[in-house]
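> Let's see this in three dimensions:
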Amino acid sequence: MSHSVADHLTSSSETHGEIPKDEMPKETHIRPGQPWLDTNGNRIHAHGGSVLFEDGVFYWYGENKEHTEPGSGIWHWGIRCYASTDLVNWEDRGLIIPPTPDDNESPLHPTKLLDRPHIIKHPETGQYVCWVKIMGEGLNQRTTVLVAEDLLGPYEIVATDFKPLGMNAGDFDLVIDPTDGKAYYYFERVHSELICADLTPDYTGVTGYYTTHFPQPAPPDVREAPAYFRRGTKHYLITSGTSGYFPNASEVAVAGTYHGPWTVLGDPHPDDSCRTSYRSQVSSVFRHPHKRDLYIAIADRWLPDLTPEESNQTERYRHLFNSDDAETEIAEESVQHQSDLREADYVWLPITFDGDVPRIDWRDAWSPEEFN
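The predicted model follows:
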């Protein structure tokens, strides 16, 4: 049965798999690739997500896909946030950026292809700045910027239909230097290369200074989904290739500065025989504030029903992007798999280091308490 956007004018948590709250056992371990339920017993919807730590609480936010079901035409239902004190058990804090189903022109309308929110807090003003990408037809991708005085909102749009540096900007990450408060914007110049751009002092725009990295002639080799982290004096970027919602091999690179130059170190998932980052895509890396050396790769398993053999579609995408109708075929495939995203799972794994080389090994279950 199909539904229209009007059928979802009010948001409610999905009941699929719901367990009464007073019967929910307290979890002790993160279980990568398994359905992750909040403390109400509902699936967590924080896809393409990131984690912030503030006043002793972890906040995990991302795309809310609870109404992205077959025939709905709904790509997202706003940006949802969850709170935790242990990174394992998460309380639903609701929609921090709700959709606008009554405004077809809004970048927050549920049919808009809104992806990968990233929120940073200005160290001087205390303002929260959220950037999201809005996919359009073909290579056309735009950016919307919002601000709020509280992490949980309300957020106000301050820029929309924005092309940073005049470029179509795809997947991205935002970074603040902890010493001087300067911020940087890593984004995929769609189907071309990765850009590192300086943000304006208020973090709502770009200054015009940028550098280019990892140029590639076409997908699936183009690097997307940049996830930045810093360890000591070294800067790292984990990126994926470009193959729609099908996973592929990650790549990690290291540099001495935000703007590089970058040295590619290879796949941080060396033991993954199917070369698909354990059938997931890393969206961000979170450093635990109270552990000596715990970095967590936060990833989505967008299509959990695929077998490892079915997951690796890199060569098929190479063929698709060499065809005359590449953009149309890829867009149609994204819509085809839209219904699967409601059941997407998460793959959170700790990053270990062989000297200065990061690696991500599979664990069926693990706890942050295992780390010093």
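> quick one: least confident helix or strand in the chain?
Every helix and strand in the chain was compared by mean pLDDT, DSSP states H and E; the lowest is helix 326-336, with a mean of 56.
> What helices and strands are in contact with the next helix or strand after that helix?
Towards the C-terminus, the helix or strand next in line after helix 326-336, according to DSSP states H and E, is strand 345-354. Applying 3 or more CB pairs under 8 Å, 6 or more residues apart in numbering; DSSP states H and E, one finds that strand 345-354 makes contact with strand 295-301, strand 357-360. Where you see a C-beta, it was placed from the backbone N, CA and C, and this is true even at glycine.
> With just CA atoms, put the next helix or strand after the longest one into CSV.
Spelled out, it's strand 295-301. The first helix or strand that comes after strand 295-301 along the chain, using DSSP H and E, is helix 308-311. Below are the C-alpha coordinates for helix 308-311, written out as CSV (Å, rounded to 0.1, in the frame of the first residue of the first chain):
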residue,chain,number,x,y,z
PRO,A,308,28.9,-10.3,1.0
GLU,A,309,29.1,-11.5,-2.6
GLU,A,310,26.1,-9.3,-3.6
SER,A,311,27.5,-6.3,-1.8
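> Give me the mean pLDDT for the very next helix or strand once past helix 308-311.
Remark: after helix 308-311, the chain's next helix or strand is helix 314-321, criterion DSSP H and E. Across helix 314-321, the average pLDDT comes to 84.
> hmm, back to that, please identify the deepest-packed of the helices and strands packed on strand 345-354.
Burial of the helices and strands packed on strand 345-354 is given as mean neighbour count (mean count of other CB atoms under 10 Å); strand 295-301 ranks first at a mean of 25.
> what about stretch 350-360, how long is it end to end?
Chord length of stretch 350-360, first to last residue, is 7 Å (CA to CA, to the nearest Å).
> ugh, wrong one, stretch 104-122
From its first residue to its last, stretch 104-122 covers 31 Å (CA to CA).
> Of all the residues in that stretch, which ones are buried?
For stretch 104-122, the buried set under the neighbour-count rule, 16 or more other CB atoms under 10 Å, comprises 107-110, 112-120, 122.
> Stretch 155-167 too?
By 16+ other CB under 10 Å, the buried positions in stretch 155-167 come out as Tyr155, Ile157, Ala159, Thr160, Phe162, Pro164, Met167.
> Let me have those in JSON lines, extended by pLDDT, distance to Tyr209 and secondary structure.
Below are those laid out as JSON lines (pLDDT from 0 to 100; distance: CB to CB, whole Å; DSSP: H, G, I helix; E, B strand; the rest coil):
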{"residue": "Tyr155", "pLDDT": "98", "distance to Tyr209": "27", "secondary structure": "coil"}
{"residue": "Ile157", "pLDDT": "98", "distance to Tyr209": "25", "secondary structure": "strand"}
{"residue": "Ala159", "pLDDT": "97", "distance to Tyr209": "19", "secondary structure": "strand"}
{"residue": "Thr160", "pLDDT": "95", "distance to Tyr209": "23", "secondary structure": "strand"}
{"residue": "Phe162", "pLDDT": "94", "distance to Tyr209": "17", "secondary structure": "strand"}
{"residue": "Pro164", "pLDDT": "97", "distance to Tyr209": "12", "secondary structure": "helix"}
{"residue": "Met167", "pLDDT": "97", "distance to Tyr209": "14", "secondary structure": "coil"}
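> Just the closest of those to Asp38, please.
Among the buried residues of stretch 155-167, Tyr155 lies closest to Asp38 (CB to CB), at 21.6 Å.
> residues in contact with that closest one?
Remark: with contacts taken as CB atoms under 8 Å, 6 or more residues apart in numbering, Tyr155 is in contact with Ile96, Ile97, Tyr128, Cys130, Leu146, Val147, Ala148.
> repeat that with 6 Å
Ile97, Cys130, Leu146, Ala148 (CB atoms under 6 Å, 6 or more residues apart in numbering).
> Tell me how far it lies from Glu63.
When distance is defined by CB to CB, to the nearest Å, Tyr155 is 15 Å away from Glu63.
> Thr211 too?
The gap separating Thr211 from Glu63 is 29 Å, by CB to CB.
> what ranges do the strands span in the stretch 1-150 of the chain?
Assigned strands in the stretch 1-150 of the chain, in chain order: 47-54, 57-63, 79-84, 91-97, 113-121, 128-135, 141-148 (criterion: DSSP state E, counting those that start in this stretch).
> which helices and strands does the longest one pack with?
With contacts defined as 3 or more CB pairs under 6 Å, 6 or more residues apart in numbering; DSSP states H and E, the secondary structure elements packing on strand 113-121 are strand 47-54, strand 128-135, strand 169-176.
> closest one to Arg189 among the ones you listed?
Counting by CB to CB, Arg189 lies closest to strand 169-176 out of these; the figure is 7.0 Å.
> neighbour-wise, which of Thr211 and Glu63 wins?
Of the pair Thr211 and Glu63, Glu63 is the one with more neighbours under other CB atoms under 10 Å, namely 25 against 15.
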